[in-house]
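K.L.:
What would the 3D arrangement of this be:
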Amino acid sequence: MDDRIKKEMLDRLQKGEQKAFESVFMAYYGKIKTFIRTLIKSDNDAEDLTQDIFARLWTNHRDIDPQKSFQSYMYTLARNAAFNFLKHKTVCDKYLVNHIHTDMDISPEDIMYAREIELLIEMSVSQMPGQQQKIYRMSRNDGLTNDEIAMQLGISKKTVENQLSLTIRELRKLIVAFSVFFV
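P.N.:
Purely as a prediction, here's the structure:
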């Protein structure tokens, strides 16, 4: 596929054309999955992360810049997803190790409750306005500081802080409401 066709396809993808998405999916899915698998050493998790990347690509197709290297964009998404996965896994492993050493048993119900909260947060964040969602994800998923987010988005640090504070306040209310009904 030459550069002219790539740019044309990316223009079509940016406009939301499903056939263009399918072509990009076919061209990159295997490469991205293999790349992630080499980083995280897990076939199943690599499959899940790759599917998540393409789901986000379709959801955020308007954000694609056909003038920039799409391959670099895809590998950056993959690298960030893999690193976030590993970071999250490390935190979970440390939590489990600390609680196992204190003789606390983690019940299947506790694990299910934690997963439900995680899903609830993800669903809630995905319903937020674009900039609020982007700021939250850059902070929590990408691990960027408020200064870095402000610089990348071209907004003030105070705006970033306000948006994060608002998001966290909304998520806390949601978790409390969930806990009241399901615990």
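K.L.:
State the phi and psi torsions of Gln67.
P.N.:
phi -80, psi -20 (degrees, to the nearest 10).
K.L.:
If we go by neighbour counts, what in the longest helix anywhere in the chain is buried?
P.N.:
Ranked by residue count under DSSP state H, the longest helix found in the chain is helix 70-101. By 16 or more other CB atoms under 10 Å, the buried positions in helix 70-101 come out as Phe70, Met74, Tyr75, Leu77, Ala78, Ala81, Ala82, Asn84, Phe85. Glycine gets a C-beta too; all of them are placed from N, C-alpha and C.
K.L.:
roughly how far apart are the first one and His61?
P.N.:
For Phe70, the distance to His61 equals 12 Å [CB to CB, to the nearest Å].
K.L.:
One more: the second one?
P.N.:
Met74 sits 13 Å away from His61, taking CB to CB as the criterion.
K.L.:
which regions of this protein lie under the pLDDT threshold?
P.N.:
Low-confidence segments of the chain (pLDDT under 70): 1-5, 93-106, 181-183.
K.L.:
What ranges does it have for its helices?
P.N.:
Using DSSP H, the helices of the chain run over residues 3-14, 18-40, 43-59, 70-101, 108-126, 130-140, 146-153, 157-182.
K.L.:
Single out the most deeply packed of these.
P.N.:
The highest mean neighbour count among these, using mean count of other CB atoms under 10 Å, belongs to helix 130-140: a mean of 18.
K.L.:
What angle do helix 108-126 and it make with each other?
P.N.:
Following axes from the mean of the first three to the mean of the last three CA atoms, to 10 degrees, one obtains 140 degrees for the angle between helix 130-140 and helix 108-126.
K.L.:
returning to what we had before: for the longest helix of the chain, which helices and strands make contact with it?
P.N.:
helix 18-40, helix 43-59 (3 or more CB pairs under 8 Å, 6 or more residues apart in numbering; DSSP states H and E).
K.L.:
In contact with Ser124, which residues?
P.N.:
Counting by CB atoms under 8 Å, 6 or more residues apart in numbering, Ser124 touches Glu170, Leu171, Leu174.
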